[in-house]
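Novice: Starting from these lines, generate the structure:
(4 chains)
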There are 2 protein chains.
Amino acid sequence: MSVTIEDISKKLKLSTSTVSKALNGYKDVSEKTRELVMGTAKELGYHPSAAARNLRRQRTDKIGFVFNNSLMYISDYFAEVIVGATAAAEAVGNNIVLYINEGDSPDSLIKLIRAKEVDGFVFVWNHVPDQIVDMLLDEKVPFVILGRRVSHPEASWIAPDNYSGATELMQHLLEAGHTRIGFTTRPSMGHTNQDRFDAYRDALVQAGIEIDEDLIVETKIEPFSGYHAAKKLLDLEDRPTAIFAFHDYVAIDAHQAIVERGLKIPDDVAIVGFDGLSVSAFTTPPITTVTQPLAEIGRESILMLLKRIANNNLPPIQKTLPVELEVRLSSQLKK
Amino acid sequence: MSVTIEDISKKLKLSTSTVSKALNGYKDVSEKTRELVMGTAKELGYHPSAAARNLRRQRTDKIGFVFNNSLMYISDYFAEVIVGATAAAEAVGNNIVLYINEGDSPDSLIKLIRAKEVDGFVFVWNHVPDQIVDMLLDEKVPFVILGRRVSHPEASWIAPDNYSGATELMQHLLEAGHTRIGFTTRPSMGHTNQDRFDAYRDALVQAGIEIDEDLIVETKIEPFSGYHAAKKLLDLEDRPTAIFAFHDYVAIDAHQAIVERGLKIPDDVAIVGFDGLSVSAFTTPPITTVTQPLAEIGRESILMLLKRIANNNLPPIQKTLPVELEVRLSSQLKK
DNA sequence: TACACTCCCGAAATCGATTTCGTAGCATAT
DNA sequence: ATATGCTACGAAATCGATTTCGGGAGTGTA
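Specialist: Numbers count the residues shown, from 1 in each chain, chains lettered A, B, ... in the order given. So this is what the prediction gives:
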């Protein structure tokens, strides 16, 4: 049996009320008793039962981190985010509970909410369906969406500045003299994809280059999808001299396709990715990308969520974080 | 206010006892009332309060997953493990709570134990100090160490078969005709390192090749450490024709050093890694490695832990999992 | 009729903390 | 002397479930 508050109270011949108040910094406890209580608490190795606290205070000091199975494909993204988030949470005595949840069924989420397993959620998702956002707002559960902005005006989110990142990438490619730039996209245009595509299109238009629909190819969210997309681009009669893969993993796939064709990177085809996954630095040549402050995003998501937990009636917080162009060999200037 | 068991009992004019028993499958409830209770529970959207259950049942159905900061360096290892583990845990209604904890101070662990935040721990650590193992055994907390075997006979662990994996790697290199094989090691020899090194040494001895101490170089657990180690090897007068990096990240570092020297992989220097991190497939050429069934390790660690939670007096479980040699271009046969 | 035995159900204790409210004891003001 | 205020503490309610124990109603047996 573990040490409870009662053990302390009996030993000191005090009431449990007083002991609890002494431990929790209430003012109606004399300095002398407080020291006594603190002392014996440490001496006995007392730590309050989480369950009892949770039940009484109706909060858990736990935060749910919700992933979907794409976790495995973005593991280093995840790892950095989680490190930042965990540190921020632990600093204020909170813990992080992991959930893997596919977006299509809100049932298990509802269960978590009803059971009060956590005080709030951070979604590290490619896509949080509107249905779920509505449900969460309905249930008045504090939540923050990480890595992706959503349309609902009442939702809080924190996301990288995809548009300006993609603009920098395009600027970089245009300055290098590329005029035919391929773009890989996703079948369903989420905001992330849309923003990066908008930047692609706008940059071309501003440079006076006409959009060639042939240069825009679809990739699915599955292995080798970027590989096939790149092949399609390389098969074009008027082959692009650069490929803007909208995600580092797609860039790595494309890299492979290019190498297999016997083409040189960046001389024959330059390639750039997005998101700053660490793997993009390990290819030969390493791939130019746009990096995000991942640990900071993780940290910030926790801080945002804690604010909402403290007061869920605050206006939603929506943050766009600056990104940074990281030029690597895969897109070196043409001479 | 959320729906409690009392709401159901009032609506049906039953006692809370009966409602609880109906929901939890007790036999002393008639089939009729059970259906009634189940029905209105669903109708009202009832889910039992986690805190109340935990308090009364003295268990949380939560498992603590403890990492240290190296998490960032082994993110895809982590990701696969966690996916397997989470799936296994959710299948039996358990959840996973993440903790990042440096091995040196057991204080925060003690707090978690005393507060009964979780029912047990899985340590995904490079190194769990004996001090902590002893403490956990003392406190009778169920725990499993993942990815690394430990000396203490009472500890449960699950780890890859490092010795036979490294043996296969060495066999592969020896068959390719290599006789001078460099090995990168760690300053403090843990079991993992030791097993891989033993296999290295034994394979050489069996092949009648003398151990050359110059070919064994140290790496620290920090970025670029493998890079420097490889350079040291390449600087030798009688340069090795192959490098056995004891970890994929070290292999990637070494890869870079070799490329910078203008040497060709595998013609001038072959290279092999260990652990099957997915990044090792993305280099050019991709790096030969030994893969582990990571998702299974994650899953298995949960099952082992659950057994210990059910009965912590069981004899410890210690599992070695088979690994698989994955030959890639970085060590292709010499002609 | 008496007794034993099942089948269902409810009262109440319990898990371990937090928090409200009341008050004894003492000092100070009127 | 009475009123007022302040400090420091304790009694008891409370959070929401689980679980033990006891017993009424109904059936079967001697």
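
Novice: Am I right that A:Leu98 sits in a strand?
Specialist: Yes - counting by DSSP: H, G, I helix; E, B strand; the rest coil, A:Leu98 falls inside a strand.

Novice: Touching, it and A:Asn68? I think so.
Specialist: No - with contact defined as Cβ atoms under 8 Å, A:Leu98 does not reach A:Asn68; the gap is 12.0 Å. Every residue, glycine included, has its C-beta placed from N, CA and C.

Novice: who's more crowded, the two?
Specialist: Between A:Leu98 and A:Asn68, A:Leu98 has the larger neighbour count (other Cβ atoms under 10 Å in any protein chain shown), namely 21 against 17.

Novice: Spatially nearest residue to that one (excluding sequence neighbours)?
Specialist: Distances taken as Cβ to Cβ, 6 or more residues apart in numbering or on different chains place B:Ile96 nearest to A:Leu98, at 4.8 Å, with adjacent residues excluded.

Novice: Surely A:Leu325 is in a strand?
Specialist: Yes - looking at A:Leu325 with three-state DSSP, it is inside a strand.

Novice: list the contacts for it?
Specialist: A:Leu325 makes contact with A:165, A:168-169, A:172, A:288, A:290 under the criterion Cβ atoms under 8 Å, 6 or more residues apart in numbering or on different chains.

Novice: what's the closest residue to A:Gly276 other than its chain neighbours in contact with, if anything?
Specialist: Excluding its sequence neighbours, the residue lying closest to A:Gly276 (Cβ to Cβ, 6+ apart) is A:Thr291, at 3.0 Å. For A:Thr291, the contacting residues are A:275-276, A:323-324, A:326, by Cβ under 8 Å, 6+ apart.

Novice: could I get those as a markdown table with pLDDT?
Specialist: As requested, those are exported to a markdown table (pLDDT from 0 to 100):
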| residue | pLDDT |
| --- | --- |
| A:Asp275 | 93 |
| A:Gly276 | 91 |
| A:Val323 | 96 |
| A:Glu324 | 96 |
| A:Glu326 | 96 |
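
Novice: Which of those residues ranks first by neighbour count?
Specialist: Among the contacts of A:Thr291, A:Asp275 has the most neighbours (other Cβ under 10 Å), with 25 neighbours.

Novice: where does that residue sit relative to DNA strand C, distance-wise?
Specialist: Counting by Cβ to the nearest atom of the strand, to the nearest Å, the separation of A:Asp275 from DNA strand C is 42 Å.

Novice: Could you do A:Gly64 as well?
Specialist: Distance of A:Gly64 to DNA strand C, computed by Cβ to the nearest atom of the strand: 22 Å.

Novice: Show me the shaky parts of the stretch 1-150 of chain A.
Specialist: Low-confidence segments of the stretch 1-150 of chain A (pLDDT under 70): A:1, A:72-73, A:103-104.

Novice: in it, which spans are helices?
Specialist: A:5-12, A:16-23, A:31-44, A:50-57, A:75-91, A:107-114, A:130-139 (DSSP state H, counting those that start in this stretch).

Novice: Out of the ones you listed, which one sits most buried?
Specialist: helix A:75-91 (a mean of 23; mean count of other Cβ atoms under 10 Å in any protein chain shown).

Novice: Provide the angle between the direction of it and the direction of helix B:107-114.
Specialist: 80 degrees (axes from the mean of the first three to the mean of the last three Cα atoms, to 10 degrees).

Novice: Which other helices and strands does helix A:75-91 contact?
Specialist: Packing partners of helix A:75-91 (3 or more Cβ pairs under 8 Å, 6 or more residues apart in numbering or on different chains; DSSP states H and E): strand A:62-67, strand A:95-100, strand A:120-124, helix A:294-310, helix B:75-91, strand B:95-100.

Novice: Including distance to DNA strand D, could these go into a markdown table?
Specialist: Below are those laid out as a markdown table (distance: least, Cβ to the nearest atom of the strand, whole Å):
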| stretch | distance to DNA strand D |
| --- | --- |
| strand A:62-67 | 16 |
| strand A:95-100 | 19 |
| strand A:120-124 | 18 |
| helix A:294-310 | 17 |
| helix B:75-91 | 19 |
| strand B:95-100 | 16 |
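
Novice: Now render the ones you listed as CSV, adding distance to B:Val205.
Specialist: Shown next, in CSV, are those (distance: least, Cβ to Cβ, whole Å):
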stretch, distance to B:Val205
strand A:62-67, 47
strand A:95-100, 45
strand A:120-124, 49
helix A:294-310, 46
helix B:75-91, 31
strand B:95-100, 41
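
Novice: mind checking how far the closest residue to A:Leu146 other than its chain neighbours is from A:Lys11?
Specialist: Spatially, and ignoring its direct neighbours in sequence, A:Leu146 is nearest to A:Ser301 (4.6 Å; Cβ to Cβ, 6+ apart). A:Ser301 sits 43 Å away from A:Lys11, going by Cβ to Cβ, to the nearest Å.

Novice: Pick out the most distant pair among the contacts of A:Thr291.
Specialist: For the contacts of A:Thr291, the maximum inter-member distance is 11.6 Å, found between A:Asp275 and A:Glu324 (Cβ to Cβ).

Novice: Spit out the residues that contact those two alike.
Specialist: Going by Cβ under 8 Å, 6+ apart, residues that sit against A:Asp275 and also against A:Glu324 are A:290-291.

Novice: Tell me which stretches of the stretch 151-300 of chain A form strands.
Specialist: Counting by DSSP state E, counting those that start in this stretch, the stretch 151-300 of chain A has these strands, from start to end: A:157-160, A:181-185, A:216-218, A:242-244, A:270-272, A:289-291.

Novice: Can you tell me which of those is most buried?
Specialist: Comparing these by mean neighbour count (mean count of other Cβ under 10 Å), strand A:242-244 ranks first with a mean of 31.

Novice: need the contact list for the nearest residue to A:Thr284 once chain neighbours are set aside.
Specialist: What sits nearest to A:Thr284 in space, not counting adjacent residues and going by Cβ to Cβ, 6+ apart, is B:Thr284, at 3.8 Å. Applying Cβ under 8 Å, 6+ apart, we find B:Thr284 in contact with A:259, A:283-284.

Novice: now, which of these sits nearest chain B?
Specialist: A:Thr284 (3.8 Å; Cβ to the nearest Cβ).

Novice: Now do that closest one against B:His228, distance only.
Specialist: 20 Å.

Novice: Tell me, what's the model's pLDDT at A:Met189?
Specialist: A:Met189 is assigned a pLDDT of 75 by the prediction.

Novice: Report the separation between it and DNA strand C.
Specialist: From A:Met189 to DNA strand C the distance is 47 Å (Cβ to the nearest atom of the strand).

Novice: For that residue, give me its contacts.
Specialist: By Cβ under 8 Å, 6+ apart, A:Met189 lies in contact with A:Phe197.
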